[in-house]
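# what would the 3D arrangement of this be:
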Amino acid sequence: MKPLFSSLLNLVLILSLGLGLGGCVTTRLPVATSSPWQKVDLETQANPLDLGFVDKDRGFLIGTNRLILETDDGGATWEERNLDLPSDENFRLISIDFQGNEGWIAGQPGLVMHSSDAGKNWTRLLLGNKLPGDPYLITTAGRDSAELATTAGAVYLTKDGGATWEGKVSDASGGVRDLRRGGDGRYVSVSSLGNFFATLNPGDDAWEPHQRASSKRVQSLGFKPDGELWMLSRGAEIRFNDQPGEIESWSKPIIPITNGYNYLDLAWDPNGNIWAAGGNGTLLVSEDAGKTWKVDPVGDQQPSNLIRILFDQKNDNDQVRAFVLGERGNLLRWVG
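Sure, this is the predicted structure:
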């Protein structure tokens, strides 16, 4: 009887310890009483990947499976558009940008398109094997001008509508899983394996590699409104640069919620609140610089991975224009 009693006692102790430790893990957050987001029905199973607006009302949404939709009411409703592309090629439209009537689209494999009439007509540019990597991010730089970054970390500039491209970076960073451009022309990229990140300043001809903040692989990286960096790592970790101008100086990890899903994007709204998006409808907001967080009730109801948050920094009127992009045609629109 003694061995049996001892085994039962050990089992009770293990269960008690497990329950005690489990109580130390935050798996729930308070739910906000209201949400500034509204679900928009797109009637597609494609994944939205980017948006670009010509003015406050007219814009385009692009994504996988050749997805391109157009809106004339600020994103409340969307209609399908067609691009003159071969029907046997399944393009992934990944980046779009407008500056007035001048617009550009970058896609994969090997796709760049240009419009000079606010997206009414698009011209496909034949890149051939000129550029290393696939187009990843395109930024309008003026009339007939654009800056293109690729999945190999190469950066090119055209000033003649895409007829020729000038290499701005001779030493590419290698394969990237995430790449972003700040309003001042700086770039940050995350390596394809997430084991390091790199920065590129205007005028530099090579990327500068940096060590990640911890052993956790980096998911994505971007710019805060003040120009410093934020980092999302595996294990649902959020970090911020904690010393101005010190790229490799990071805060302790912030882990708002442990639900088994990683965060995929981070953004600041005009009120300074931080929004974090991630797997399985994870959409959180912090109103105190990341100290405490709440669950957004609309995001929480979405049966989709929320992959990107876009606040329009070019919008020069009082209206906030923002969207959360989710897989399988899920889209949230900011209504305040």
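
# who touches the residue nearest to residue 68 when sequence neighbours are not counted in this structure?
Sequence neighbours aside, residue 81 is the residue nearest to residue 68 in space, at 4.8 Å (criterion: C-beta to C-beta, 6 or more residues apart in numbering). In this view, the C-beta of every residue, glycine as well, is placed from N, C-alpha and C. With contact set as C-beta atoms under 8 Å, 6 or more residues apart in numbering, residue 81 has these partners: 60, 68-70.

# now do residue 81, the pLDDT please.
Looking at residue 81, its pLDDT reads 95.

# show me what counts as buried in stretch 200-211.
By neighbour count on 16 or more other C-beta atoms under 10 Å, the buried set for stretch 200-211 is 200, 207.

# swap that for stretch 82-92, sorry
Residues 83, 85, 91-92 are the ones in stretch 82-92 that count as buried (16+ other C-beta under 10 Å).

# which other residues reach it?
Contacts for stretch 82-92 (C-beta under 8 Å, 6+ apart): 49, 63-66, 68, 107-109, 111, 113, 122, 124.

# could I get it in CSV with only the CA atoms?
Provided in CSV are the C-alpha atoms of stretch 82-92 (Å, rounded to 0.1, in the frame of the first residue of the first chain):
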residue,chain,number,x,y,z
ASN,A,82,-9.1,43.2,-64.0
LEU,A,83,-5.5,43.7,-65.0
ASP,A,84,-4.2,42.8,-68.4
LEU,A,85,-2.1,39.8,-67.2
PRO,A,86,-1.7,36.3,-68.8
SER,A,87,-4.5,34.0,-67.5
ASP,A,88,-2.1,31.1,-67.0
GLU,A,89,0.0,33.0,-64.5
ASN,A,90,-1.1,33.2,-60.8
PHE,A,91,0.4,36.5,-59.6
ARG,A,92,0.8,37.6,-56.0
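
# my guess is residue 70 contacts residue 96, does it?
No - Residue 70 is not in contact with residue 96 according to C-beta atoms under 8 Å; the separation is 11.3 Å.

# common neighbours of these two, please.
Overlap of the contact sets of residue 70 and residue 96 (by C-beta under 8 Å, 6+ apart) consists of residue 60.

# when these two are compared, which one has more neighbours?
Between residue 70 and residue 96, residue 96 has the larger neighbour count (other C-beta atoms under 10 Å), namely 25 against 16.

# ok, that one to residue 200 distance?
22 Å (C-beta to C-beta, to the nearest Å).

# and what of residue 285?
Counting by C-beta to C-beta, the gap from residue 285 to residue 200 is 31 Å.

# so where's this structure shaky on pLDDT?
For the chain, the stretches flagged by pLDDT under 70 are 1-27, 128-130, 170-173, 313-318.

# recalculate using a threshold of 90.
1-28, 84-90, 126-133, 169-175, 205, 257-261, 312-320 (pLDDT under 90).

# where along it do the helices fall?
With DSSP state H as the criterion, the chain has helices at 2-22.

# from residue 290, how far off is the closest residue to residue 268 other than its chain neighbours?
Nearest non-adjacent residue to residue 268, counting by C-beta to C-beta, 6+ apart: residue 225, 5.1 Å away. Between residue 225 and residue 290 the computed distance is 13 Å (C-beta to C-beta).

# neighbour-wise, which of these two wins?
residue 290 (17 against 13).

# I'd say the more buried one and residue 242 touch.
No - counting by C-beta under 8 Å, residue 242 is not a contact partner of residue 290; they are 11.4 Å apart.

# can you pull the contacts of residue 162?
Counting by C-beta under 8 Å, 6+ apart, residue 162 touches 112, 114, 125, 146.

# cool, and residue 99?
In this structure, residue 99 makes contact with 140-142, judged by C-beta under 8 Å, 6+ apart.

# do residue 122 as well
Counting by C-beta under 8 Å, 6+ apart, residue 122 touches 83-84, 103, 105, 113-115.

# can I have the buried ones of the residues you listed as a PyMOL selection?
Selecting just the buried residues from these in PyMOL takes one command, with 16+ other C-beta under 10 Å as the test:
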select buried, resi 83+103+105+113+114+115
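
# just list the residues touching the spatially closest residue to residue 73 that is not a sequence neighbour, thanks.
Spatial nearest neighbour of residue 73, excluding adjacent residues (C-beta to C-beta, 6+ apart): residue 57 at 6.0 Å. Residue 57 makes contact with 71-74, according to C-beta under 8 Å, 6+ apart.

# does residue 228 really touch residue 239, like I thought?
No - judged on C-beta under 8 Å, residue 228 makes no contact with residue 239 at a distance of 11.0 Å.

# centre of the chain versus stretch 226-234, how much separation?
Centroid separation between stretch 226-234 and its chain, computed with C-alpha atoms, centre = their mean, to the nearest Å, is 12 Å.

# no further questions, thank you.
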